[in-house]
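A.B. asks: generate coordinates for the sequence data below:
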Amino acid sequence: MHRIFQNFVDRLSSADDPHEFSKAMADTAAALDLSCFAYLALRRETKTTPHLISTYPSCWTARYLNKNYHTIDPVIREALQTPEPFRWGADFSSRSSALAEQQLLDEAAQFGIRFGFTVPIHDGRGPVAALTFAVDEKRPPFEKCIDSYGRVLQLMATYFHAHVRRKLADERKVDGIRLSPREFECLEWASQGKSAWEIGCILGISQSTVAYYLENAKEKLGVRTVIQAVALLVAANKRKRN
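C.D. replies: From the prediction side, this is the model:
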């Protein structure tokens, strides 16, 4: 498992586009006897199409985005309400009182998406994201992987989200000052109370490298401490939401 995870982190570090990110996750999932996956990140603007990286059938993902199914998806609703990973399956239909939700689950089942394990990602920097591993039926290898490596999959989802945000994010400005992808990402994690060592573990870089990026961010923002830089970032994010 250690070798699989390290290879996954290495591939995330070198990925530069959605296809490479998708391939890194898909290959890692296959090595763990998992089937297809979907990473969906909601946007700050509620009417904007979510960011989706997935190995679900393309005809389904195209329909999902075109119909704005994320607004009625009971899996996404659950992810919005809890920070903990959860399993889902046929019972979601019985728990959904809305006809539209039941129809969505029925449609998904037609494309082989009947059961899943979803990791909500609440990083405090915007709307929720979620990464789901799905299968068409409950199989022993899938259940065994979730039982044995559930927390590892949660960590993988967090790493995936962090790297996608860094490489594919649209905005990396604080008070009009543009930061590099690494500077912005390190500062965002610092705003979540992460130490330089913890940030290094998440991003796959050394603690001293994290400190280097935070120093650069402080210099660009004209402040002396990380706390002051974080305060500027938090204030800027609040203005964006309002």
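A.B. asks: and the longest helix seen in the chain, average pLDDT?
C.D. replies: The helix spanning the most residues in the chain, taking DSSP state H as the definition, is helix 140-168. Computed over helix 140-168, the mean pLDDT rounds to 91.
A.B. asks: and if you look at stretch 128-135?
C.D. replies: The pLDDT scores in stretch 128-135 average 95.
A.B. asks: output that stretch as PDB, nothing but the C-alphas.
C.D. replies: Included here for stretch 128-135 are C-alpha records, laid out as PDB according to Å, rounded to 0.1, in the frame of the first residue of the first chain:
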ATOM      1  CA  VAL A 128     -17.500  21.600  -0.800                       C
ATOM      2  CA  ALA A 129     -15.800  19.100  -3.000                       C
ATOM      3  CA  ALA A 130     -16.300  15.300  -3.000                       C
ATOM      4  CA  LEU A 131     -14.500  12.300  -4.400                       C
ATOM      5  CA  THR A 132     -16.500   9.100  -5.000                       C
ATOM      6  CA  PHE A 133     -15.400   5.600  -5.900                       C
ATOM      7  CA  ALA A 134     -18.400   3.700  -7.400                       C
ATOM      8  CA  VAL A 135     -19.300   0.300  -8.600                       C
END
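A.B. asks: can you pull the buried residues of that stretch?
C.D. replies: Within stretch 128-135, the residues that qualify as buried by neighbour count (16 or more other CB atoms under 10 Å) are 128-135. For the C-beta atoms, the positions are set from N, CA and C on the backbone; glycine is no exception.
A.B. asks: stretch 36-44 too?
C.D. replies: For stretch 36-44, the buried set under the neighbour-count rule, 16+ other CB under 10 Å, comprises 36-42.
A.B. asks: and V174, how many neighbours?
C.D. replies: V174 is surrounded by 22 other residues when neighbours are defined as other CB atoms under 10 Å.
A.B. asks: that one and L221 touch, don't they?
C.D. replies: Yes: counting by CB atoms under 8 Å, V174 does reach L221; the two are 6.1 Å apart.
A.B. asks: overlap in contacts of the two?
C.D. replies: When contacts are counted by CB atoms under 8 Å, 6 or more residues apart in numbering, V174 and L221 are jointly contacted by 229, 232.
A.B. asks: what's the domain layout of the protein?
C.D. replies: Taking automatic domain parsing as the domain assignment, the ranges for the chain are 2-168, 173-241.
A.B. asks: how far off centre is the longest one?
C.D. replies: Computed by CA atoms, centre = their mean, to the nearest Å, the chain-centroid distance of domain 2-168 equals 8 Å.
A.B. asks: I113 in helix, strand or coil?
C.D. replies: Taken by DSSP: H, G, I helix; E, B strand; the rest coil, the conformation at I113 corresponds to coil.
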